[in-house]
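Enquirer: Let me see the structure of the following:
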Amino acid sequence: RFILDRTLEPALREYGVDHTDVIDPTCGSGHFLLGAFPRFMRELRLAHPGLTDRDRVAMALEHMT
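Expert: Below you'll find the predicted structure:
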């Protein structure tokens, strides 16, 4: 949470959810991505209220590697 609070949150504010990507620095454990995913979903709900959650999930996954 500490790293996401200081990196992802400012990036989402500055660039928006449509122009922010996440790279997992924890070498494949997925811990970082699991923490980032709900934050992306929150921002996608705000940015794209007309989309279904299924569409938002697909969008969120496109921004995570």
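Enquirer: Could you use CA atoms for every contact and neighbour count after this?
Expert: OK.
Enquirer: So what does residue 50 have for phi and psi?
Expert: phi -80, psi -10 (degrees, to the nearest 10).
Enquirer: Spatially central residue (nearest the centroid) of the chain, please.
Expert: Closest residue to the average C-alpha location of the chain: residue 40 at 3.1 Å, with C-alpha atoms, centre = their mean.
Enquirer: Surely that residue touches residue 62?
Expert: No: using C-alpha atoms under 8 Å, residue 40 is not in contact with residue 62, being 10.9 Å away.
Enquirer: those helices in this protein, which residues are they?
Expert: Using DSSP state H, the helices of the chain run over 2-6, 8-15, 31-47, 53-62.
Enquirer: So which other helices or strands are in contact with the first one?
Expert: So the one you mean is helix 2-6. helix 31-47 (3 or more C-alpha pairs under 8 Å, 6 or more residues apart in numbering; DSSP states H and E).
Enquirer: tilt between the helix it packs on and helix 53-62?
Expert: Here the directions of helix 31-47 and helix 53-62 differ by 130 degrees (axes from the mean of the first three to the mean of the last three C-alpha atoms, to 10 degrees).
Enquirer: Which residues belonging to helix 31-47 are considered buried?
Expert: Buried residues in helix 31-47, counted by 16 or more other C-alpha atoms under 10 Å: 32-33, 36-37, 39-41, 43-44.
Enquirer: And for stretch 17-27?
Expert: Buried residues in stretch 17-27 (16+ other C-alpha under 10 Å): 17, 20-22.
Enquirer: Kindly report the same for stretch 50-63.
Expert: 56, 59-60, 63.
Enquirer: and the two most separated of these?
Expert: Distances among the buried residues of stretch 50-63 were taken as C-alpha to C-alpha; the most separated pair is 56 and 63, at 11.0 Å.
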